[in-house]
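Asker: I would like to see how this sequence folds:
(6 chains)
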Protein chains: 4
Amino acid sequence: MPKLGMEPIRRAALVKATIAEIGETGTLDVTVSQIAKRAGMSSALAHHYFGGKEQIFLAAMRHTLAVYAAEVRGAIGMAATPMERVEAIVKSSFSQTNFRSEVVAAWLNFYVLAQVSDEARRLLNVYQMRLRSNLRFALRPLVGPAAPEVAERIAALVDGAYLKQSLGRGEIAQGAAVELVMQSFAHEVAAHQG
Amino acid sequence: MPKLGMEPIRRAALVKATIAEIGETGTLDVTVSQIAKRAGMSSALAHHYFGGKEQIFLAAMRHTLAVYAAEVRGAIGMAATPMERVEAIVKSSFSQTNFRSEVVAAWLNFYVLAQVSDEARRLLNVYQMRLRSNLRFALRPLVGPAAPEVAERIAALVDGAYLKQSLGRGEIAQGAAVELVMQSFAHEVAAHQG
Amino acid sequence: MPKLGMEPIRRAALVKATIAEIGETGTLDVTVSQIAKRAGMSSALAHHYFGGKEQIFLAAMRHTLAVYAAEVRGAIGMAATPMERVEAIVKSSFSQTNFRSEVVAAWLNFYVLAQVSDEARRLLNVYQMRLRSNLRFALRPLVGPAAPEVAERIAALVDGAYLKQSLGRGEIAQGAAVELVMQSFAHEVAAHQG
Amino acid sequence: MPKLGMEPIRRAALVKATIAEIGETGTLDVTVSQIAKRAGMSSALAHHYFGGKEQIFLAAMRHTLAVYAAEVRGAIGMAATPMERVEAIVKSSFSQTNFRSEVVAAWLNFYVLAQVSDEARRLLNVYQMRLRSNLRFALRPLVGPAAPEVAERIAALVDGAYLKQSLGRGEIAQGAAVELVMQSFAHEVAAHQG
DNA sequence: AATGAATGAGGATTCATTCAT
DNA sequence: GATGAATGAATCCTCATTCAT
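Answerer: Coordinates of the predicted model:
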């Protein structure tokens, strides 16, 4: 009697375990066995479901990006004004879920993965474009034609905050990160209006 | 009397080869043999001079950071005004030497190394602090007590630009990067004076 | 369901191969690959089952000691008189099984291993104590309170015979060895009774 | 100006260092570099003087055996009676010089070396024969035609004591060892005279 | 579906030995 | 005589991956 519907459960467990393992090691140097063990199954099964190590990593990436995207989308949906929309994006970027040291480490390593895997690069590019696109849309009413370049700057700021965070083992500084970006944003608006 | 004084030459060659190899692969997943071969020697000799793979990586890091620091210092030395000083820092950060895709990839991987090696983390922290310190010093006359936080933002922007660059295989956009940061800087100054 | 129960079989094969290989080389300088090959598997599997080279050696030691102990125990069990008990111990020590040049070489190398591995030293100490304990028990009725020191002498004699044997490539002299020790034993008894 | 007479000094230093190193490690797994370093020279020079690692070991063996032989010879020379002669041999065997844990470890490893090197085996055989020969000569007046087999037993006892000693890290028990052998010897004499 | 079994390939590291100076 | 320089050859160990059951 084959257990039905096991597949999505197994896959989810593996994805979760992958991120946890990368987060703990801080590296992509994790073995499939470690991941599988943490997910409560044999490494053979992990291969069975994903085909190979890179596929596992990519699935973890997709999941991380999807979670991030969903949160941003949700937050934007609740925003009423352009100002709130920007804030929603920024706060989501540094939310409890996304700015956990575990996840930050994963992001960092995804950038490394992107040096090697085309699909990984594609995924990160999608993220980058979506972030800028969201920002541009929210910024247009606030800074007009300067929106693209302002979006670029804010996006860079967000990424820079992640990189910084990756060095600070442990202590998470969501508030500071939000503050950092929002302050810049304020200046941008002021500069435009001034 | 044997052949003498080879050590510094070999070490330099290995450091150079390490950066090149990391840059080419985009990863720390390079073998000592690859590095040694590129440096024109046996892997045994590489071990003889450095003691191990991590030491080689750390030496490459120190070199990269030293080159960067030297260039910034030199540029700052030639600056007359605070404004020029900030510009000097930013331009050095994205100079031909430091913003080569090879070096950018190396930087990215040093952040990963810092997740694993205490010494690597220490080195990156020194870099981060020095960058902020330089910026604060230059910014004080321009934005007064806001200097620390402004420095923080500009530093994050620089790092963000590196991260972005790491995704763009090949094409180097020094000009755009400088522009990006300097524009933000302009806003900061304006915001302060306004 | 995968192929099951291979582990004990593999472990036994490896242990056997280890002793054979040490016996043939006369040294602990045998590679895991050699051992694994002789046992009909890859070196990777050997590592999988034992964790490392030292563990393999220790397992071989444990096996050798266990075989020896079992034989002694069996022989003692069949002995009726104290005299026969001593003879049983001595004869077992130089039995076909234990005094094979292969096994003698292994013993010798276990003494070397004991210089390096705590567990190996512990195992050899257990052997030494058990041998003396057995001898003491059998000797008590024969030599009374002198049993401990007589046991010590006989034990030393046994070990000395092994050492001597380790030099004689090939020719096994079980008879001579038994004779050597039993003669001494006779003197001890005579000396006590005289 | 070539330093004259350096060779014997260097060789002696290497031999001494070899024994010390083997004693410390408990194994023949010592590198030529370790030995050379301890002897205050480069490993290249060690090779220059001895030709290779095995030669170094053999030289250390020869030295150890020579020191032992000399001591025995000296002690025998001072003995007046057969009884004293036997005692001289036994005491020399467990003298301060020869029964040091360092030297005991070396002896043990020489037996291993003898499994591999013909010359080493030859040397140990010479030792064995000389010991028996000395004992026979001293024993003849005491036990008559039984001298050969008695010599055999006493020799085995001596070797067994060494083996036992090799397990007792540190504590040296010369007295006990002498006592052990001499007691057996007493029995042999008594048995013969009885 | 699931996993124990099994391995080939590779990689860091060590070391005896040689050589040029 | 003496040594830094240099390497080829090993060796242990790890791991992704495959397969039979």
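
Asker: SS state for A:Asn98?
Answerer: coil (DSSP: H, G, I helix; E, B strand; the rest coil).

Asker: give the contact list for A:Asp159.
Answerer: Residues near A:Asp159 by C-beta atoms under 8 Å, 6 or more residues apart in numbering or on different chains: B:Asp159, B:Gly160, B:Leu163, B:Lys164. Heads up, the C-betas are built off the backbone N, CA and C, glycines and all.

Asker: farthest-separated two in those residues?
Answerer: Using C-beta to C-beta, the two most remote members of these are B:Asp159 and B:Lys164, lying 9.8 Å apart.

Asker: from the contacts of A:Asp159, which ones fall inside helices?
Answerer: Among those, the subset assigned to helices under DSSP state H consists of B:Asp159, B:Gly160, B:Leu163, B:Lys164.

Asker: give me the residue from chain A nearest chain C.
Answerer: Closest residue of chain A to chain C, C-beta to the nearest C-beta: A:Ala44 (8.8 Å).

Asker: for burial, what's the neighbour tally of that residue?
Answerer: A:Ala44 has 12 neighbours, counted by other C-beta atoms under 10 Å in any protein chain shown.

Asker: got the contact list for it?
Answerer: With C-beta under 8 Å, 6+ apart, A:Ala44 has no contacts at all.

Asker: quick check, pLDDT for it.
Answerer: If you check A:Ala44, the pLDDT there is 97.

Asker: for it, identify the helix or strand it belongs to.
Answerer: Using DSSP states H and E, A:Ala44 maps to helix A:43-50.

Asker: now that helix, how far from the centre of its chain.
Answerer: Centroid separation for helix A:43-50 versus its chain: 25 Å, with C-alpha atoms, centre = their mean, to the nearest Å.

Asker: which helix or strand lies directly C-terminal to it?
Answerer: Heading C-terminal from helix A:43-50 (DSSP H and E), you reach helix A:53-77.

Asker: the worst-scoring helix or strand of chain A on mean pLDDT: which residues count as buried?
Answerer: Ranked by mean pLDDT, DSSP states H and E, the weakest helix or strand in chain A is helix A:174-193, scoring a mean of 92. For helix A:174-193, burial by neighbour count (16 or more other C-beta atoms under 10 Å in any protein chain shown) applies to A:174, A:176-178, A:180-185, A:187-189, A:191-192.

Asker: so how far is it off the chain centroid?
Answerer: Centroid separation for helix A:174-193 versus its chain: 21 Å, with C-alpha atoms, centre = their mean.

Asker: tilt between it and helix B:174-193?
Answerer: Angle, helix A:174-193 to helix B:174-193, by axes from the mean of the first three to the mean of the last three C-alpha atoms, to 10 degrees: 90 degrees.

Asker: and helix A:174-193 with chain B, contact?
Answerer: Yes: applying C-beta under 8 Å from any C-beta of the partner chain, one finds helix A:174-193 in contact with chain B at A:Leu180, A:Gln183, A:Ser184, A:Ala186, A:His187, A:Glu188, A:Ala190, A:Ala191.

Asker: packing partners of that helix?
Answerer: When contacts are defined as 3 or more C-beta pairs under 8 Å, 6 or more residues apart in numbering or on different chains; DSSP states H and E, helix A:174-193 sits against helix A:82-93, helix A:118-143, helix A:147-167, helix B:147-167, helix B:174-193.

Asker: mind giving me the packing neighbours of the second one?
Answerer: The elements that helix A:118-143 packs onto, with contact taken as 3+ C-beta pairs under 8 Å, 6+ apart, are helix A:53-77, helix A:82-93, helix A:101-113, helix A:147-167, helix A:174-193, helix B:147-167.

Asker: how distant is it from the center of its chain?
Answerer: On C-alpha atoms, centre = their mean, the centre of helix A:118-143 falls 12 Å from that of its chain.

Asker: same check on the first one?
Answerer: Shown here is helix A:82-93, whose average C-alpha point lies 15 Å from the average C-alpha point of the whole chain (C-alpha atoms, centre = their mean).

Asker: buried residues in it?
Answerer: A:Pro82, A:Met83, A:Arg85, A:Val86, A:Glu87, A:Ala88, A:Ile89, A:Val90, A:Lys91, A:Ser92, A:Ser93.

Asker: got the angle for it vs helix A:174-193?
Answerer: Relative orientation of helix A:82-93 versus helix A:174-193 (the same axes, to 10 degrees): 150 degrees.

Asker: how far away is the residue in chain A that DNA strand E sits nearest to from A:Phe50?
Answerer: Residue nearest to DNA strand E within chain A: A:Ala44 (3.1 Å; C-beta to the nearest atom of the strand). For A:Ala44, the distance to A:Phe50 (C-beta to C-beta, to the nearest Å) stands at 11 Å.

Asker: the residue nearest to A:Ala69 when sequence neighbours are not counted and A:Arg100, how far apart?
Answerer: Spatial nearest neighbour of A:Ala69, chain neighbours left out: A:Arg130 (6.7 Å); criterion: C-beta to C-beta, 6 or more residues apart in numbering or on different chains. Separation of A:Arg130 from A:Arg100 (C-beta to C-beta) stands at 21 Å.

Asker: roughly how far does A:His192 sit from chain D?
Answerer: For A:His192, the distance to chain D equals 70 Å [C-beta to the nearest C-beta, to the nearest Å].

Asker: can I assume that residue is in contact with A:Val143?
Answerer: Yes: if you go by C-beta atoms under 8 Å, A:His192 and A:Val143 touch, sitting 4.2 Å apart.
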